[in-house]
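Enquirer: Sequence and predicted structure are below.
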Amino acid sequence: MTKTTKFAITTTWILFSRAYDAYCTNLLTPDLSKEANPLVTVIGVSSWTTLLIILSVLTIYVIYAYFISVFRPINLFPNDKGYSFGNFVAYVYLGYKDSWTSTLYKFPKDLKRANNYFGHLLTKGLVYAGVVSTIMWLLINYSNYYKTIHSATLVYSILIGGCFIIGYIWNKNLYRQYLIDTNEQQ
């Protein structure tokens, strides 16, 4: 599959699944009183217009970063050998050797690196979130049993757990490639 085709399919899925989620949510809770999105429940967004603007801006950024990572990629790997997995994860994100825990509170100083990194990782997260939300809405709309077990805790546990697993697998695959590229077998 060409880069252009993959980009088009991925972008289409993200836009479709985000639109379907918003449409179904609006049908269920036109006043947002049953919405579980943290923008509503934690931050206090109470208007569909404000919510859709925020989500649209975030989605557009992810698609832009994905475009950058696909069509203007940079090498995120360190040139030096001998990085541990944790140091490698930090380097891919920050551009310098550090502890993996630094990825929890630091931000890349290089915008190109940030866009490439987020273009890869956030896109995977949005694709996954689209799958989860689409399945969730299909089950809500067509399964009586699912309605009895559905909860924000269940959905967010699946989303957060899945995104952590996706991020770990992505980083682990990059690390394997780094070891191959630097002739260090694991």
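Expert: Arrived safely. Residues are numbered from 1 along each chain as shown.
Enquirer: Where is the longest helix in this structure?
Expert: helix 111-142 (DSSP state H).
Enquirer: How far does that one sit from its chain's centre?
Expert: Centroid displacement of helix 111-142 relative to its chain, using C-alpha atoms, centre = their mean, to the nearest Å, is 5 Å.
Enquirer: Now that helix: buried residues?
Expert: 113-130, 132-134, 136-137 (16 or more other C-beta atoms under 10 Å). Using the backbone N, CA and C atoms, a C-beta is placed for each residue, glycine as well.
Enquirer: What of stretch 21-40?
Expert: Per 16+ other C-beta under 10 Å, stretch 21-40 contains these buried residues: 21-22, 24-25, 32, 35, 37, 40.
Enquirer: swap in stretch 65-72?
Expert: 65-66, 68-70.
Enquirer: go on, stretch 153-163?
Expert: 159, 162-163.
Enquirer: Out of the residues you listed, the closest to Y61 would be?
Expert: C163 (16.7 Å; C-beta to C-beta).
Enquirer: which non-adjacent residue is nearest the residue positioned nearest the centre of the chain?
Expert: By C-alpha atoms, centre = their mean, the chain has its centre lying nearest to G125, at 2.4 Å. Distances taken as C-beta to C-beta, 6 or more residues apart in numbering place C163 nearest to G125, at 4.8 Å, with adjacent residues excluded.
Enquirer: and G167, what does it touch?
Expert: 121, 124-125 (C-beta atoms under 8 Å, 6 or more residues apart in numbering).
Enquirer: Then T103?
Expert: 89-90, 93-94.
Enquirer: how much space is there between the nearest residue to C24 once chain neighbours are set aside and V42?
Expert: Excluding the flanking residues, the one nearest C24 by C-beta to C-beta, 6+ apart is W137, at 4.4 Å. W137 is 22 Å from V42, where distance means C-beta to C-beta, to the nearest Å.
Enquirer: And for L76?
Expert: Taking C-beta to C-beta, one finds L76 at 32 Å from V42.
Enquirer: Tell me which of those two has more neighbours.
Expert: Ranked by neighbour count (other C-beta atoms under 10 Å), L76 and V42 place L76 first, with 18 against 8.
Enquirer: give me every residue that touches that one.
Expert: Contacts of L76 (C-beta under 8 Å, 6+ apart): 91-92, 113, 116-117, 174.
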